[in-house]
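Undergrad: The sequence isn't on hand, but the structure is:
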């Protein structure tokens with residue numbers, strides 16, 4: 001099972017090594033992709049293969065067979081879908097490495113501080129908006145009172 005991240009060239013090389021012909025296109029069967037990338041690949045398929053899902057049927061993946069006992073269906077990934085799977089694999093590897101690294105801890109600390117500053121800034125802007133709204137309401141009320149007073153004098 002592949003544990004390390006892959007760059008695009010390595011991913012394409014792996015696809016070309018593992019691909020078999022289905023119809024007129026090279027593809028990697030799902031079972032083989034799962035053997036290469038583990039259970040997370042099966043979870044990825046389950047999560048992303050749906051109507052208007054991330055994996056696009058016919059473009060990223062397809063199936064071959066007749067849905068019968070003697071010709072069961074088998075699913076496979078075209079190159080585009082395989083690269084999406086590699087991207088998911090890389091993402092999971094990077095997230096794990098991030099969580100275990102000093103650089104990840106430093107980034108998280110800085111990001112949390114940034115988020116705190118943004119929240120404080122948004123709260124201050126909201127306070128100022130509320131203050132301006134209250135001033136507008138007070139000005140409007142004063143105008144209306146002056147208008148009523150002026151109408152009363154006539």
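TA: Sure thing, it's come through. Computed from a predicted model, the values in this text were never measured in an experiment.

Undergrad: which residues of this structure fall in strands?
TA: 20-22, 25-29, 61-64, 74-77 (DSSP state E).

Undergrad: So which bits of the third one are buried?
TA: When you say that, I think you mean strand 61-64. Going by neighbour count (16 or more other C-beta atoms under 10 Å), the buried part of strand 61-64 is 61, 62. The C-beta positions use only the backbone N, C-alpha and C, and glycine is treated the same way.

Undergrad: Please state the offset of it from the chain centre?
TA: Using C-alpha atoms, centre = their mean, to the nearest Å, the mean C-alpha position of strand 61-64 is found 24 Å from that of the whole chain.

Undergrad: try the first one
TA: Between the mean C-alpha location of strand 20-22 and the chain-wide mean there is a distance of 30 Å, by C-alpha atoms, centre = their mean.

Undergrad: could the strands of the chain be laid out in TSV, adding distance to residue 50?
TA: Listed next are those as TSV, based on distance: least, C-beta to C-beta, whole Å:
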stretch	distance to residue 50
strand 20-22	22
strand 25-29	20
strand 61-64	12
strand 74-77	14
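
Undergrad: For residue 83, which of the ones you listed is the nearest?
TA: Ranking the strands of the chain by proximity to residue 83 (C-beta to C-beta) places strand 74-77 first, at 8.9 Å.
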